[in-house]
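Q: Return a 3D structure for these sequence lines:
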Amino acid sequence: MMSIVKERITSVEKIENNIPEYVYDIEVDNNHMFFANDILVHNTDSMFLFIEPVLKSLYGDKYDSISEDEKTEATLKIVRKCSEYINTYIIPEMLKRHNAGDSELATKYNFTFKEELVIKRAMFLDAKKKYALWIINKEGKKIDDLSITGMEVVRADFPRFTKQMLQDVIDKILREEYSSFQILNLIDKYIDEYKTRLMAGDYTLGVPGGWGAREYKVLTKTIRGMKIYNVIYGPTFYEGDRGYTFTISKVDGSKIKDYDKKLKQMRVEGLLIKNDQIDVITVPEGVNLDTSIFYPDIDAMLDIAIYKRLEPIIDIFGINIDHMDNLTW
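A: Below you'll find the model as predicted:
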């Protein structure tokens, strides 16, 4: 049980570097949360309430015929009742058990639930803060929005294709309630499209990445790919630049001018893997990969762009992505 203790401020230290861009995280040792002027100002949190069973109990056989707007309004009323119950019964009882049953104190620490979102359907993955929500009401206003948090859809270091695919798969699961069979068919279509575009060298299928202005003990695949590109095509990438990285299975050196000389330079710079192989290359924005020279490693690229990205989502349906050959791909 948490106890609330009041402490007087004994001193105030002024921080000279009071720049608007700075964010200061103020906390109390060992607890982190605190009240200031009787307002909880740190470590507030969100709470999801699963209301559908309550609505089905209220409406009974009429549930399916009730409009979405009416269900939303009923949901908000239930949330208000929860807030009322906590303030009327729970807080006074907690104070009573801690020998602090002052009625004024009970009112002072009333909870107010912010009715932020009404969600029609949600997907929570087996990881902290990774979820997708189909929101139909936000702060009292009717909307129709798909909000995705913590997944590759919102990350900048995954191919555009991957993000578009994930957005579509999640949308179909939440809005249209696709079955596992329908999802597999949808994924199959994306795999076929990915392979076709990959063999055409579409640069947007590469993994986006940048060359940071710092020292690297071990070069990242992106920077190594940029340096290999510079050796083969001439100075193109510099610190601060971004590009699209492909995993390569084979290189046709006969189509590269002075290939042996360039291979030796790459070897000296430590850009090759064992047996003097080029396994990666990064291309600039708007420049497609020349697949007549660089053969993409299709399995590795599919693993990066599709298989691993979909694994936590289709796991919800009990599909093991490591044993897909007997199902779809």
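Q: So, low pLDDT: which residues of the stretch 1-150 of the chain?
A: 1-4, 15-25, 30-33, 38-45, 100-109, 127-128 (pLDDT under 70).
Q: could you pull out the strands for it?
A: For the stretch 1-150 of the chain, applying DSSP state E, counting those that start in this stretch gives strands covering 35-36, 39-40, 117-124, 131-138, 141-149.
Q: can you list those in CSV and add distance to Asp61 and mean neighbour count?
A: In this view, the C-beta of every residue, glycine as well, is placed from N, C-alpha and C. Converted to CSV, those look like this (distance: least, Cβ to Cβ, whole Å; neighbours: other Cβ atoms under 10 Å):
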stretch, distance to Asp61, mean neighbour count
strand 35-36, 47, 12
strand 39-40, 43, 10
strand 117-124, 21, 17
strand 131-138, 23, 19
strand 141-149, 26, 12
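Q: average model confidence for stretch 237-250?
A: Stretch 237-250 shows a mean pLDDT of 95.
Q: Report the buried residues of that stretch.
A: The neighbour-count check on stretch 237-250 (16 or more other Cβ atoms under 10 Å) flags Phe237, Asp241, Gly243, Tyr244, Thr245, Phe246, Thr247, Ile248 as buried.
Q: The first one is in contact with Gly243, isn't it?
A: Yes. Taking Cβ atoms under 8 Å as the definition, Phe237 is a contact partner of Gly243 at 6.3 Å.
Q: any residues in contact with both of those two?
A: Shared contacts of Phe237 and Gly243, defined by Cβ atoms under 8 Å, 6 or more residues apart in numbering, comprise Trp211, Met226, Tyr229, Thr282, Pro284.
Q: So the fourth one: helix, strand or coil?
A: What that stands for is Thr282. strand (DSSP: H, G, I helix; E, B strand; the rest coil).
Q: Also the one 10 residues further on?
A: Using three-state DSSP as the criterion, the local structure at Ser292 reads coil.
Q: picking up where we left off before, neighbour-wise, which of the shared contacts of Phe237 and Gly243 leads?
A: Thr282 (30 neighbours; other Cβ atoms under 10 Å).
Q: got the residue ranges for the helices in the protein?
A: 52-59, 68-85, 91-97, 103-108, 160-176, 180-199, 221-233, 259-268, 298-302, 308-314 (DSSP state H).
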